[in-house]
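Colleague: sequence plus predicted model, see below.
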Number of protein chains: 2
Amino acid sequence: QVRCALNYKQLSFRTEFVLVHELAATAQRIGAAPTGTHPDGSPKYTVPIIVDESVPGTVISDSAAIFLYLEKTYPDPARPLYSVSPSGSAIGVDVLAAMTIAPVLWPVYLKLLLPALERWVVPSSREHARAAAAQIGSAAGQQVLQPGEQRFEDIITAVNQGLEQGVVSVLKTHEAAGKIWIGGERPVYPDFLLLGALRMIELWRPEVFERIVDAGEGVLGRYYKAGERWL
Amino acid sequence: QVRCALNYKQLSFRTEFVLVHELAATAQRIGAAPTGTHPDGSPKYTVPIIVDESVPGTVISDSAAIFLYLEKTYPDPARPLYSVSPSGSAIGVDVLAAMTIAPVLWPVYLKLLLPALERWVVPSSREHARAAAAQIGSAAGQQVLQPGEQRFEDIITAVNQGLEQGVVSVLKTHEAAGKIWIGGERPVYPDFLLLGALRMIELWRPEVFERIVDAGEGVLGRYYKAGERWL
């Protein structure tokens, strides 16, 4: 989602990948703030983190904070990240709108992506990935549900219904009016969250992605195609 | 919520009250479209309905449709009802943002307001109100939960937590930046929904209202005070 916003804003950047089990040490080394606390009280670090080399000492953790930082530091009237007030101080409708997306896609992440995570991490990260997944309630290391299996199909049905009642119904209304984005003429914060989430699903499990973008007679697939250039 | 938007837009109107058990007949007489279907297949009518006497033949049912109609018919650059595109064709972020409010307040309506409905309807509507409430799963006619009772307190706690994680967290951020509304400088669609919902709670059960506007160290109460002039 952050990469998507950076590309949209035409800001140049380079991406550095960090091994899951080295994330905490790396974050501490570069001075990134923790984004939460583990049950045992220790600081929790998550990606994305940005380091802005043009403003010495600037290290920002957490997507929401990164979006606000980018909008305040690099305002561009032609490409604002929020619907209201490009200053970034009025984040309301976009942040609330985004809240309708994450809970709907969460079961996809938790039940269909995370259990398949081990395929993707390097062997030295496998144990850490397994523990992290278990901590948020995912069946990592267990059976990876496949299309055709009842539990897989139930999850897809529920997610597509949730999308249909929310973001897809809005996208259909907009498509009928010749508009693409949740934000109308321009993509805004919830658009970047949705595009980023769809990208993650496509990369991790293309067979799941195919079933999600089917939603709303393909409107979600057309939406994703339109945003793909920023991903 | 519609009255709130009409006042905000400075449009003149008069309100006519319709008895619950006469709603269907009244709607049919004035040519209002049904907003759904009853389980038995018969058309379902709901309020609000507007009749625009300045545009003959204009009768609109359903809040969302009324908001779109008002914005298209009476655009006012200083007082748009939506964050994006005052033409009303890009409704996305506002409609999605509003979707984070209704589900949080739904238990208040269903469990704390509807069972108390019989106090407020005229005797001839009582039976109809009871049946309508039962149809949507409310315990109308049963015990009206009171502050201090465990079930009452549990509902308030859950609702306040839901508000805190959603709209109240946004209002706090905005308050810190000197802004009041979900829409920032101006109220938008989800603001009118929230103000209307709070008004309904205040009118039906002030003792419930007091416990809801406590949320977020009073930010919701201050928000409501600021919007009260349009209610």
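Modeller: Arrived safely, thanks for sending.
Colleague: okay, and A:Arg222 sits in which element?
Modeller: According to DSSP states H and E, A:Arg222 maps onto helix A:219-227.
Colleague: over to A:Ala24?
Modeller: helix A:23-30.
Colleague: buried ones in stretch A:185-200?
Modeller: Neighbour counts over stretch A:185-200 (16 or more other Cβ atoms under 10 Å in any protein chain shown) mark A:186-200 as buried. (Glycine included, C-beta is placed from N, CA and C.)
Colleague: residues contacting A:Met200?
Modeller: Contact partners of A:Met200, counting by Cβ atoms under 8 Å, 6 or more residues apart in numbering or on different chains, are A:109, A:113.
Colleague: can you tell me the SS state at it?
Modeller: helix (DSSP: H, G, I helix; E, B strand; the rest coil).
Colleague: tally up the residues packed near the residue nearest to A:Leu198 when sequence neighbours are not counted, please.
Modeller: Computed as Cβ to Cβ, 6 or more residues apart in numbering or on different chains, the closest residue to A:Leu198 that is not its neighbour in sequence is A:Tyr224, at 5.1 Å. Neighbours of A:Tyr224 under the rule other Cβ atoms under 10 Å in any protein chain shown: 19.
Colleague: and A:Val47, how many neighbours?
Modeller: 17.
Colleague: what's the per-residue pLDDT of the residue nearest to A:Leu81 when sequence neighbours are not counted here?
Modeller: Nearest residue to A:Leu81 in three dimensions, chain neighbours excluded: A:Glu71, at 4.7 Å (Cβ to Cβ, 6+ apart). Turning to A:Glu71, the model gives it a pLDDT of 90.
Colleague: A:Glu71 - that's part of a strand, no?
Modeller: No: A:Glu71: not assigned to a strand; according to three-state DSSP it is helix.
Colleague: my guess is it contacts A:Ser83, does it?
Modeller: No: counting by Cβ atoms under 8 Å, A:Glu71 does not reach A:Ser83; the two are 11.5 Å apart.
Colleague: so those two - more neighbours on which side?
Modeller: A:Ser83 (31 against 23).
Colleague: tell me the spacing between the more buried one and B:Arg79.
Modeller: Look at A:Ser83 and B:Arg79: by Cβ to Cβ, to the nearest Å, they are 17 Å apart.
Colleague: can you check A:Asp52 too?
Modeller: 38 Å.
Colleague: same question, A:Met99
Modeller: Distance from A:Met99 to B:Arg79, counting by Cβ to Cβ: 26 Å.
Colleague: so where is chain A shaky, pLDDT-wise?
Modeller: Where chain A drops to pLDDT under 70, the residues are A:85-90, A:138-141.
Colleague: how about the residues of it by chain B?
Modeller: A:83-85, A:89-101, A:166-167, A:170-171, A:173-174, A:177, A:179, A:181-185, A:188, A:190 (Cβ under 8 Å from any Cβ of the partner chain).
Colleague: just the buried residues of those residues.
Modeller: Buried, going by 16+ other Cβ under 10 Å: A:83-85, A:89-101, A:166-167, A:170-171, A:173-174, A:179, A:181-184, A:188, A:190, out of these.
Colleague: and the nearest residue to A:Gly221 once chain neighbours are set aside, how far is that from A:Lys172?
Modeller: Distances taken as Cβ to Cβ, 6+ apart put A:Val213 closest to A:Gly221, at 3.7 Å, once the chain neighbours are dropped. Distance, A:Val213 to A:Lys172, using Cβ to Cβ: 14 Å.
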